[in-house]
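K.L.:
Output the structure for:
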Amino acid sequence: MQAFRNCGLCASGNLLKGRTDFLVARRNMSVLRLSAACVQLLKDKTNVFCSSPVHQRLLRLPEGARSKAVAFSVGSGLCAVPFTQVENLSHESLIRRASCLVTDSANTYLSQTTLALVDAHTQYAKALHTLIALQKRYITSIGKLTPAEEDSIWQVIIGQRVEVSDRLEECKRFESNWMNAIHICELSAEAAYNSGAEHACTATKTNLQAAQSKVEEIRKISREAKKKLAETKAEEIQRMAEYVSSIDINDLEDIPEAYLRED
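P.N.:
The predicted model follows:
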């Protein structure tokens, strides 16, 4: 402030009064030197303010806080007082936020159980197709294998049937978890809608539809594999009956036990 007053005195007291004596070089030079000193003083004051810790802290404020800050000049210091908008913390808003958190958790649970169920059905279908391949190989070799070879291939088939059974149990276990996830998502979507969080409700319903569509698709693959296995089993029974009817009744004692067993 003192610098501004000095500068004002320079401009009004010397420059204006000295207009009639403008040709006097000494006075003009004195006025110019004094004006330059005023400018330098203002520059020094500005540098001191910009390098002050308060100013540096103000510059480090976020963009939103700086836009809402009100600066007050007290003597030679600067006080920055940020004003932040207080959010609405009513019961309705808190319930709405909580319902959104519930839908997020429910969607995560649904995503994980859907992934597990799809993977379980995929492995189950693969095990079924492997068993189908073994059954077909056995059908084509009926009457051509020695007893040792017959027992060997049957050991492989029995082991694969155990694998199919284990995969089916895994599907049933993950199916139960997935159904629980479906129920939880339905409840959370309803809660979100009632609390006013329509976007969370819509997102949850979309995830439900996608999960149900994916699971139905993989279930269809498993059903087709089971159908093929049943057809292969029927083909095996028919082929075995044809083989038994084609041989002499007196040679039944020479038929390997595997051909006569019921599976």
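
K.L.:
Packing partners of the helix or strand containing residue 238?
P.N.:
Using DSSP states H and E, residue 238 sits within helix 198-246. For helix 198-246, the helices and strands in contact under the criterion 3 or more CB pairs under 8 Å, 6 or more residues apart in numbering; DSSP states H and E are helix 91-140, helix 147-195, helix 257-260. (C-beta placed from N, C-alpha, C; glycine too.)

K.L.:
what's the angle from that helix to helix 91-140?
P.N.:
10 degrees (axes from the mean of the first three to the mean of the last three CA atoms, to 10 degrees).

K.L.:
quick one: average pLDDT of helix 198-246?
P.N.:
When the per-residue pLDDT values of helix 198-246 are averaged, the result is 90.

K.L.:
Equivalent analysis for stretch 155-175, please.
P.N.:
Average pLDDT, stretch 155-175: 94.

K.L.:
Tell me the buried residues in that stretch?
P.N.:
With burial defined by 16 or more other CB atoms under 10 Å, the residues of stretch 155-175 counted as buried are 157, 160, 163-164, 167-168, 170-171, 174-175.

K.L.:
same check, this time on stretch 178-198
P.N.:
Residues of stretch 178-198 classed as buried under the neighbour-count rule (16+ other CB under 10 Å) are 178, 181-182, 184-185, 188-189, 191-193, 195, 197.

K.L.:
which other residues reach it?
P.N.:
Applying CB atoms under 8 Å, 6 or more residues apart in numbering, the contact partners of stretch 178-198 are 92, 95-96, 98-100, 102-103, 105-107, 109-110, 113-114, 116-117, 200-201, 204-205, 207-208, 211-212, 215.

K.L.:
Same question for stretch 204-215.
P.N.:
103, 106-107, 110-111, 114, 117-118, 121, 178, 181-182, 185-186, 188-189, 192.

K.L.:
10 Å instead?
P.N.:
Among residues not part of stretch 204-215, those counted as contacts by CB atoms under 10 Å, 6 or more residues apart in numbering are 100, 102-104, 106-108, 110-111, 113-115, 117-118, 121, 174-175, 178, 181-182, 184-193, 197.

K.L.:
How about stretch 120-132?
P.N.:
By CB under 10 Å, 6+ apart, the list of residues contacting stretch 120-132 reads 156-157, 159-175, 178, 215, 217-233.

K.L.:
how does it look with 7 Å?
P.N.:
Contacting residues not belonging to stretch 120-132 are listed as 160-161, 163-164, 167-168, 170-171, 174, 218-219, 221-222, 225-226, 228-229, 232 [CB atoms under 7 Å, 6 or more residues apart in numbering].

K.L.:
cool, and stretch 227-247?
P.N.:
Among residues not part of stretch 227-247, those counted as contacts by CB under 7 Å, 6+ apart are 128, 131-132, 135-136, 138-139, 142-143, 259.

K.L.:
care to break the chain down by domain?
P.N.:
Here the domain assignment for the chain is 2-51, 91-260, based on automatic domain parsing.

K.L.:
Nothing else from me, thank you.
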